[in-house]
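**Student:** Pasting the sequence and the predicted model now:
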Amino acid sequence: MKIRFLHNGICALLLLMVTTAGFAQKKTLLVTPDGKIISAPGGATVLSGPGIPSNFAPNVVAINITGCTTASGTLTATASMADAEGDALGVETYQWYYNAANTGNGTPIGGAATNTYTVTTPVNEGTFVRVGVTAHALAGTLDGTERYSAWQEITPDSAPYFTAYSNAACKNEVGWTASASGTYADCEGTPMGTPLYQWYRSNNAAGGGEEAIAGAVLESYNFTTADLGKYIRVGITPVATAGTLLGAEVKAATFMGPIAAGNGGLVVQHRTTDGVSPVDIDITYGTTVITYLGTKHCWITQNLGASRQATSLYDNSDEAAGWYWLRTNPSGIAWNSVTNSRTPDVTWTVPPESDADWDSSSDPCTILLGSGWHIPEITNEWLSFGWEYEGNGPETVTEKLFRLKLVYAYTLYDGQRTTQSDMNNMEFGGFTVKETTHWGNGQITSDAASFYEWEGEMYQEAIWTRWGDAYNVRCVMDL
């Protein structure tokens with residue numbers, strides 16, 4: 001019998017070559033330090049002996065450094081820890097080091113033993129700093145081995161960095177999409193360029209066997225069958241438009257997983273028999289996750305009824321525009337730009353004014369996509385992107401809005417789709433309505449319905465609408 005012992009600091013993997021009755025058989029045992037078999041063939045016995053510790057030490061899974069890499073700048077280290085037996089973790093300890101080159105062990109910096117460090121003598125421009133982190137547990141093996149971050153060079157112009165970074169998916173299943181997000185910062189105020197992304201796959205939530213996924217270098221990543229049973233996370237490298245261009249890659253602190261089989265994503269079979277879909281069509285909706293005030297929201301990245309995502313801001317084709325809805329009416333309306341006609345082609349009836357809001361019986365998101373999906377609330381969901389109304393608020397579209405792939409699909413006005421020239425001649429509530437409008441939940445009064453209007457260079461909550469207008473719908477679900 002041949003035994004091979006592999007140890008990654010989290011668990012023991014025993015590969016056995018057993019000869020029984022003249023036949024060689026390969027056996028694999030995944031064993032915890034206390035001898036508990038996590039995975040083994042039937043009839044296997046627990047092995048023990050020299051080299052198999054009685055209890056594994058806690059381990060540092062990831063270390064990231066953010067902050068200003070200039071003289072007198074402040075650096076902050078964040079670390080994530082794990083323990084194979086699930087022993088409660090104590091408070092990790094830190095030690096900062098400096099060196100003349102970005103290799104070697106470096107020299108400990110006196111008094112620099114917290115997760116923040118303000119650059120000062122003996123560190124100066126041209127030298128390098130890094131941090132060592134040691135994990136501690138409250139039971140079992142108490143102290144782990146010190147792990148180190150990458151070296152950071154102290155420069156006249158600080159490298160860009162992310163103050164927050166994460167990854168999330170609506171579902172950790174094959175066919176669903178994971179999204180990366182980060183909050184960019186630069187000590188000199190240099191604008192952000194296009195970040196670099198790399199997605200990673202590991203064998204467990206502690207990062208065992210982590211490796212870069214070939215070709216997975218976009219902001220989003222679709223889970224594939226190769227990810228089944230695996231754990232996924234993203235690494236993001238900030239990029240500035242001038243000065244020091246590249247910052248250090250930071251990896252999300254948590255992995256998504258294990259990835260399950262699922263049904264291939266958000267696949268919906270729309271049929272007119274549901275009383276909501278105006279035509280029969282099968283659609284696979286794209287999704288993204290956006291976090292606002294600590295809550296993760298899963299959004300579809302195309303209009304409800306759109307057979308595909310928009311390819312640009314101006315892709316107002318019927319395929320990208322999707323369907324339209326009158327206020328609190330669950331029945332969708334499809335527009336045909338070739339024949340300038342709508343389906344269903346019934347008499348355009350203006351609904352009566354009402355203070356009723358969208359609910360589960362009228363909300364097309366709930367009816368078509370399922371429980372939990374709904375038209376976005378104005379306060380907690382649409383306005384998570386910011387808003388511009390009567391001169392207040394941000395004036396540019398955020399990265400989050402582009403992630404939704406909003407498109408200029410206009411509206412159905414008295415049963416006909418408007419054009420841009422039409423929109424420029426309309427003034428509602430003191431501002432000119434342009435481009436694209438989506439329903440929002442949150443009725444104001446019986447003659448003031450909430451919707452979210454985006455002009456491309458600004459975005460705003462609108463609280464007045466004609467009851468004869470039909471708008472697009474986006475859907476969201478709280479995670």
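**Tutor:** Arrived safely. Numbering: from 1, shown residues only.
**Student:** Walk me through the domains of the protein.
**Tutor:** 2-39, 59-153, 161-251, 266-478 (automatic domain parsing).
**Student:** which parts of stretch 320-335 are buried?
**Tutor:** Buried residues in stretch 320-335, counted by 16 or more other CB atoms under 10 Å: 320-328, 330-335. Glycine gets a C-beta too; all of them are placed from N, C-alpha and C.
**Student:** Of all pairs in the residues you listed, which one is the farthest apart?
**Tutor:** Greatest spacing in those, by CB to CB: A320 and T328 (25.0 Å).
**Student:** Spatially nearest residue to G243, not counting backbone neighbours?
**Tutor:** D157 (4.1 Å; CB to CB, 6 or more residues apart in numbering).
**Student:** Next one: the nearest residue to D280 once chain neighbours are set aside from I367, what distance?
**Tutor:** Nearest non-adjacent residue to D280, counting by CB to CB, 6+ apart: R271, 5.3 Å away. Per CB to CB, to the nearest Å, R271 is found 12 Å from I367.
**Student:** so how far is L245 from the residue nearest to G243?
**Tutor:** 10 Å.
**Student:** ok, back up a step: turn the domains of the chain into a markdown table, columns for mean pLDDT and distance to A260.
**Tutor:** Shown next, in a markdown table, are these (pLDDT from 0 to 100; distance: least, CB to CB, whole Å):
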| stretch | mean pLDDT | distance to A260 |
| --- | --- | --- |
| domain 2-39 | 42 | 18 |
| domain 59-153 | 92 | 22 |
| domain 161-251 | 92 | 5 |
| domain 266-478 | 77 | 15 |
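**Student:** G257: which of those is closest?
**Tutor:** It's domain 161-251; of these, that one is closest to G257 (CB to CB) at 3.5 Å.
**Student:** Figure out the length between the terminal residues of that closest one.
**Tutor:** 12 Å (CA to CA, to the nearest Å).
**Student:** Now do it: distance to the chain's middle.
**Tutor:** 9 Å (CA atoms, centre = their mean, to the nearest Å).
**Student:** cool, and stretch 153-165?
**Tutor:** Using CA atoms, centre = their mean, the offset of stretch 153-165 from its chain centre is 22 Å.
**Student:** just so I know, which of the domains of the chain lies nearest I259?
**Tutor:** With CB to CB, the closest approach to I259 among the domains of the chain belongs to domain 161-251: 4.2 Å.
**Student:** Of R271 and I367, which one has the most company?
**Tutor:** I367 (17 against 14; other CB atoms under 10 Å).
**Student:** list the contacts for S179?
**Tutor:** With contact taken as CB atoms under 8 Å, 6 or more residues apart in numbering, S179 is in contact with N167, A168, A169, E219, S220, T288, V289, I290, R403.
**Student:** Just list whatever residues bridge to the fifth one.
**Tutor:** Spelled out, that is S220. Note on S220: beta-bridge partners S179, judged by DSSP bridges.
**Student:** ok, back up a step: could you say which helix or strand contains the residue nearest to G243?
**Tutor:** Element membership for D157 (DSSP states H and E) is empty, with no helix or strand holding it.
**Student:** just how off-centre is stretch 354-369 within its chain?
**Tutor:** Taking CA atoms, centre = their mean, the mean C-alpha location of stretch 354-369 is offset from the chain mean by 27 Å.
**Student:** swap that for stretch 322-335, sorry
**Tutor:** Centroid separation for stretch 322-335 versus its chain: 29 Å, with CA atoms, centre = their mean.
**Student:** again with stretch 353-373
**Tutor:** Distance, centroid of stretch 353-373 to centroid of chain: 26 Å (CA atoms, centre = their mean).
**Student:** List the buried residues in that stretch.
**Tutor:** Those would be D357, W358, S362, D363, P364, C365, T366, I367, L368, L369, W373, for stretch 353-373 by 16+ other CB under 10 Å.
**Student:** In this structure the fourth one contacts H374, no?
**Tutor:** I take that to be D363. Yes: if you go by CB atoms under 8 Å, D363 and H374 touch, sitting 5.5 Å apart.
**Student:** Overlap of the contact sets of the two?
**Tutor:** Both D363 and H374 are contacted by N441, under the criterion CB under 8 Å, 6+ apart.
**Student:** Can you report phi and psi for T225?
**Tutor:** The phi/psi pair for T225 (degrees, to the nearest 10) reads phi -60, psi -20.
**Student:** Who's the closest spatial neighbour of it, skipping the chain neighbours?
**Tutor:** V174 (5.8 Å).
**Student:** The one you found: neighbour count?
**Tutor:** Counted with other CB under 10 Å, the neighbours of V174 add up to 19.
**Student:** ok, it touching D227?
**Tutor:** Yes: counting by CB under 8 Å, V174 touches D227, with 6.8 Å between them.
**Student:** list residues touching both of those two?
**Tutor:** I259.
**Student:** any idea how far M256 is from T295?
**Tutor:** With CB to CB as the criterion, M256 and T295 are 17 Å apart.
**Student:** out of these two, which sits in the more crowded spot?
**Tutor:** M256 (22 against 12).
**Student:** which residues does the more buried one contact?
**Tutor:** M256 neighbours (CB under 8 Å, 6+ apart): N167, A168, A169, N172, A178, Y231, I232, R233.
**Student:** same thing but at 7 Å, please
**Tutor:** Applying CB atoms under 7 Å, 6 or more residues apart in numbering to M256 gives the contacts N167, A169, N172, A178, Y231, I232, R233.
**Student:** Could you do D157 as well?
**Tutor:** With CB under 7 Å, 6+ apart, D157 has these contacts: E188, G243, T244.
**Student:** Name the nearest residue to E211, sequence neighbours excluded.
**Tutor:** Excluding the flanking residues, the one nearest E211 by CB to CB, 6+ apart is R201, at 6.1 Å.
**Student:** which ones are touching the one you found?
**Tutor:** Here R201 is in contact with E211, I213, D227, K230, I232 (criterion: CB under 7 Å, 6+ apart).
**Student:** cool, T163 as well?
**Tutor:** Taking CB under 7 Å, 6+ apart as the test, what T163 contacts is T66, T183, A185.
**Student:** Buried ones among these?
**Tutor:** Using 16+ other CB under 10 Å, the buried ones in the contacts of T163 are T66, A185.
**Student:** picking that back up, scan the contacts of S179 and report the most crowded one.
**Tutor:** Using other CB under 10 Å as the neighbour criterion, N167 leads these with 26 neighbours.
**Student:** what pairs with that one across the strands?
**Tutor:** Beta-bridge partners, per DSSP bridges, of N167: A180.
**Student:** how near is it to R327?
**Tutor:** From N167 to R327 the distance is 37 Å (CB to CB).
**Student:** could you pull out the helices for the stretch 251-400 of the chain?
**Tutor:** 318-321, 364-369, 399-403 (DSSP state H, counting those that start in this stretch).
**Student:** Looking at the contacts of T163, spot the one nearest L266.
**Tutor:** T183 (27.2 Å).
**Student:** For F128, see how far away that closest one is.
**Tutor:** 25 Å.
**Student:** Please look at G440 and S450 and confirm they touch.
**Tutor:** Yes: assessed by CB atoms under 7 Å, G440 is found in contact with S450 at 4.3 Å.
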